[in-house]
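Visitor: Next comes the sequence, and after it the predicted model I'd like to discuss.
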Amino acid sequence: MKKALSVLSMLVLVAGFAFAGGGQEARPAAQAQTISVGGSTSVTPLMELFQAEYTRLHPHVTITVSGTGSGDGITGSASGMYDIGMSSRALRPAELGTGIQPMTVAIDGIGLIMHTTSPISSLSFDQIRQIYTGAISNWEQLGAAANGKTGGIAVISREPGSGTRGAFQEIFNYTDADLARGADILNGTGAVRAAVAGNPSAIGYIATGSIDDSVKALNVDGVAPSEANLSDGSYTVSRPFELIIRSSVAPTTATRAFLDWMMGPDGQAIVARNYISVN
């Protein structure tokens with residue numbers, strides 16, 4: 001009798017182990033992985049959306065994002081400081097020769113912004129260029145486009161090395177040396193937006209995806225910086241958002257998976273919320 005009870009107890013114990021384990025061997029936890037991303041402050045808000053969704057889907061992956069400017073994103077990816085660099089302008093031939101490979105993840109417009117009380121709604125391409133090169137320094141020089149606005153123009157630009165500044169200057173065909181004397185040079189999209197929001201005499205430029213109700217977006221040659229107008233090319237003040245990796249060193253498995261996800265349907269659906277998707 002005692003032997004029978006002993007055998008029964010063993011069977012119950014074995015059954016309990018099998019039930020607790022689901023009848024399967026325990027799976028090892030996914031290995032923790034880190035991906036470092038740095039560069040353009042204009043690309044940073046989009047990258048932070050990617051970061052939030054991807055780490056929700058893959059909790060074992062940590063993605064660090066540093067908004068330090070396009071120039072830093074380009075050099076940082078080339079040196080290996082970043083697994084992925086960010087640039088808000090197309091790379092120059094000399095930069096491509098440093099062993100890096102860009103891929104366009106989104107198309108973004110650059111919007112001209114003014115204070116919300118500004119009576120100005122549209123400027124021509126040439127008027128914008130003249131404002132930023134100092135040929136026009138007072139609002140009344142715009143004629144009918146000023147819509148009664150007078151006084152000096154507070155020109156606000158980005159810092160040297162900014163991808164937004166580089167793209168803006170390339171589009172409007174002027175150089176650092178041509179920039180209007182006395183222009184305020186500010187670091188980062190947020191700083192430009194805040195400065196314009198607080199100064200009725202100011203004009204600035206930021207990524208269209210970063211325009212909010214604190215400022216007024218201007219039309220260029222009568223065309224609004226809308227998603228539809230960016231998509232069909234009628235709004236011409238636009239630039240690519242680039243992700244940059246080293247071409248001489250294969251990305252880690254985690255980095256490759258993240259890049260593929262951003263370029264795939266799930267990542268591009270996030271792009272389409274505020275920018276123009278490329279896939």
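Guide: Thanks, I have the structure now. Worth saying up front: this structure is predicted, and the values here are computed from it rather than measured. Numbering: from 1, shown residues only.
Visitor: My guess is Thr133 contacts Tyr174. True?
Guide: Yes - under the criterion of Cβ atoms under 8 Å, Thr133 makes contact with Tyr174 at 5.2 Å. Bear in mind the C-beta positions are built from the backbone N, C-alpha and C, glycine included.
Visitor: Those two - which one has more neighbours?
Guide: Thr133 (20 against 17; other Cβ atoms under 10 Å).
Visitor: Ramachandran coordinates for the more buried one?
Guide: phi -100, psi 0 (degrees, to the nearest 10).
Visitor: could you dump the top strand by length along the chain to CSV, C-alpha only?
Guide: As assigned by DSSP state E, the longest strand anywhere in the chain is strand 100-114. C-alpha atoms of strand 100-114 as CSV (Å, rounded to 0.1, in the frame of the first residue of the first chain):
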residue,chain,number,x,y,z
ILE,A,100,28.9,56.1,-45.8
GLN,A,101,25.6,55.1,-47.5
PRO,A,102,22.4,57.2,-47.3
MET,A,103,18.9,56.0,-47.7
THR,A,104,15.9,58.3,-48.0
VAL,A,105,13.3,57.5,-45.4
ALA,A,106,10.9,60.5,-46.0
ILE,A,107,10.5,63.7,-48.0
ASP,A,108,9.9,66.8,-46.0
GLY,A,109,9.0,70.4,-46.9
ILE,A,110,10.7,73.5,-45.5
GLY,A,111,8.1,76.0,-44.4
LEU,A,112,8.5,79.7,-44.1
ILE,A,113,6.9,80.9,-40.8
MET,A,114,5.8,84.1,-39.3
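Visitor: Neighbouring strands of the next helix or strand after it in the sheet, and parallel or not?
Guide: Proceeding C-terminally, strand 100-114 gives way to strand 122-123 as the next helix or strand, assigned by DSSP states H and E. Strand pairing for strand 122-123, using DSSP bridges, gives strand 219-220 (parallel).
Visitor: could you give the mean pLDDT of the helix or strand just after the strand it pairs with?
Guide: Per DSSP H and E, strand 219-220 leads on to helix 227-231 as the next helix or strand towards the C-terminus. Averaged over helix 227-231, pLDDT sits at 88.
Visitor: and if you look at stretch 166-185?
Guide: On average, stretch 166-185 scores 95.
Visitor: Show residues contacting that stretch.
Guide: Residues from elsewhere that reach stretch 166-185 (Cβ atoms under 8 Å, 6 or more residues apart in numbering): 70, 88-90, 110, 125, 128-129, 131-134, 137, 154-160, 195, 202, 205, 236-237, 239.
Visitor: Quantify the burial of the closest residue to Ser210 other than its chain neighbours by counting its neighbouring residues.
Guide: Nearest residue to Ser210, sequence neighbours excluded (Cβ to Cβ, 6 or more residues apart in numbering): Thr189, at 5.0 Å. Neighbours of Thr189 under the rule other Cβ under 10 Å: 26.
Visitor: just the one 4 residues further on next, same as before
Guide: Arg193 sits with 21 neighbouring residues when counted by other Cβ under 10 Å.
Visitor: Domain parsing of this structure, as residue ranges.
Guide: Domains of the chain are assigned by automatic domain parsing as 33-108+240-277, 109-238.
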